[in-house]
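K.L.:
Sequence first, then the predicted structure, then my questions.
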Amino acid sequence: MSNYIIACRGGKEFENPEESAEHKQRFGAWLGGPGEAVIKPGTPLGKAIRVSASGVTDENSPDRLIGYPAVEMAKTCPFLDVGTIVVAEMMEI
């Protein structure tokens, strides 16, 4: 079975602590939905940088955006209210 990263990008500043708390509660409930299938939930990722022989550039999205079940799961994430989500398969090498 493949593993996927569901990375949340962007976001907005909440107008008040109540709005932030409500969003965190919804996000936590969403993370709990798939149970043990979620590994390291909510772990933030740092800024991605692409390094190649041509130089260094910001990485705006992975080259491979695959994983239909993960995409379907991402479509239900409350983070979509404030930002975008990128889904990428973790490749075995």
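P.N.:
Yep, that arrived.
K.L.:
what about residue 4, distance to residue 35?
P.N.:
From residue 4 across to residue 35, the span is 16 Å (C-beta to C-beta, to the nearest Å). Bear in mind the C-beta positions are built from the backbone N, C-alpha and C, glycine included.
K.L.:
So between the two, which is more surrounded?
P.N.:
Between residue 4 and residue 35, residue 4 has the larger neighbour count (other C-beta atoms under 10 Å), namely 16 against 7.
K.L.:
wait, what's in contact with the more buried one?
P.N.:
Residue 4 is in contact with 67, 70, 87-90, counting by C-beta atoms under 8 Å, 6 or more residues apart in numbering.
K.L.:
element containing it?
P.N.:
Residue 4 belongs to strand 3-10 when elements are defined using DSSP states H and E.
K.L.:
Tell me the buried residues in the following helix or strand past that strand?
P.N.:
Along the chain past strand 3-10, the next helix or strand (assigned with DSSP H and E) turns out to be helix 17-32. Neighbour counts using 16 or more other C-beta atoms under 10 Å place 23, 27, 30 of helix 17-32 among the buried residues.
K.L.:
now helix 17-32: how far from the chain's centre is it?
P.N.:
Helix 17-32 has its average C-alpha position 15 Å from the chain's average C-alpha position, going by C-alpha atoms, centre = their mean, to the nearest Å.
K.L.:
sorry, back to before: out of the buried residues of helix 17-32, flag the one nearest to residue 15.
P.N.:
Top of the list for closeness to residue 15, among the buried residues of helix 17-32 and by C-beta to C-beta, is residue 23 at 11.0 Å.
K.L.:
Quick one: mean pLDDT over the strand holding residue 4.
P.N.:
For strand 3-10, the mean pLDDT works out to 78.
K.L.:
Which positions within it qualify as buried?
P.N.:
Neighbour-count burial for strand 3-10, with 16+ other C-beta under 10 Å as criterion, is recorded at 4-8.
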